[in-house]
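*Asks:* Whatever this is, show me its structure:
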Amino acid sequence: MSESIPLPERSRIVKQHLESAGIEPKIRVLPDSARTAAEAASAIGCDVAAIANSLVLLADGDPVVVMTSGGHRADFAVVAASIGADHVEMAPASVVRQATGQAIGGVAPVGHPAPLRAFVDEQLRAFDEIWAAAGHPHTVMPLTFETLQKITGGQVIAVA
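*Replies:* Residues are numbered from 1 along each chain as shown. Below you'll find the model as predicted:
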């Protein structure tokens with residue numbers, strides 16, 4: 001992992017967003033893609049459950065971001081009940097790109113053109129350090145649960 005490699009444009013936007021929130025980001029550029037929780041955990045050397053996946057879902061047709069632990073799959077019925085939606089489904093890639101400005105596999109919890117309603121998996125609370133994508137499939141950043149909740153304004157929910 002290297003912090004000396006120039007950050008991709010979308011990761012620079014994420015970095016600026018974090019700095020504006022008073023957080024000193026530690027974005028890392030990985031040599032290989034970290035599009036999945038397993039790839040990210042392997043590259044970082046952490047438990048897969050400490051990976052905070054940024055899922056862009058459609059909740060009753062509106063995009064939301066749900067930060068889920070890489071240790072399990074989100075159950076859309078549980079997510080829907082947790083957020084008070086009638087129907088939840090994965091957003092198509094075009095909606096993800098439009099809502100976040102980022103590609104699937106690199107979606108950060110922040111740095112989107114406009115804030116999205118956010119939710120944070122209660123299972124992530126178990127880790128002192130969690131890792132999230134930083135706007136590009138080759139960039140990641142460490143956060144605490146509290147910081148993740150603060151920067152996203154995310155409501156803590158059950159997802160599985």
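*Asks:* For the helix or strand where His17 lies, buried residues please.
*Replies:* Element membership for His17 (DSSP states H and E) is helix 9-20. For helix 9-20, burial by neighbour count (16 or more other Cβ atoms under 10 Å) applies to 10-15, 17-18. Using the backbone N, CA and C atoms, a C-beta is placed for each residue, glycine as well.
*Asks:* Buried residues, the helix or strand bottoming out on mean pLDDT in the chain. List them.
*Replies:* Here the helix or strand of the chain ranked lowest by mean pLDDT, DSSP states H and E is helix 37-44, holding a mean of 91. If you call a residue buried by 16+ other Cβ under 10 Å, then helix 37-44 has these buried ones: 37, 39-41, 43-44.
*Asks:* Ok, stretch 88-100 next?
*Replies:* Counting neighbours by 16+ other Cβ under 10 Å, stretch 88-100 gives 88, 91, 96, 99-100 as buried.
*Asks:* Pull the residues that contact that stretch.
*Replies:* When contacts are defined by Cβ atoms under 8 Å, 6 or more residues apart in numbering, stretch 88-100 is touched by residues 54-60, 63, 65, 76-77, 79-80, 102-104, 107-108, 111-113, 116.
*Asks:* Which parts of the chain are helices?
*Replies:* 9-20, 37-44, 76-83, 93-100, 145-152 (DSSP state H).
*Asks:* is it possible to export those to TSV including distance to Asp128?
*Replies:* Formatted as TSV, the helices of the chain follow (distance: least, Cβ to Cβ, whole Å):
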stretch	distance to Asp128
helix 9-20	19
helix 37-44	14
helix 76-83	24
helix 93-100	27
helix 145-152	8
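*Asks:* So which residues of this structure form strands?
*Replies:* Secondary structure of the chain (DSSP state E): strands at 28-29, 51-59, 62-69, 88-90, 117-121, 130-133, 139-143, 155-157.
*Asks:* Looking at these, which one is packed in the most?
*Replies:* Mean neighbour count (mean count of other Cβ atoms under 10 Å) peaks for strand 130-133 among the strands of the chain, with a mean of 26.
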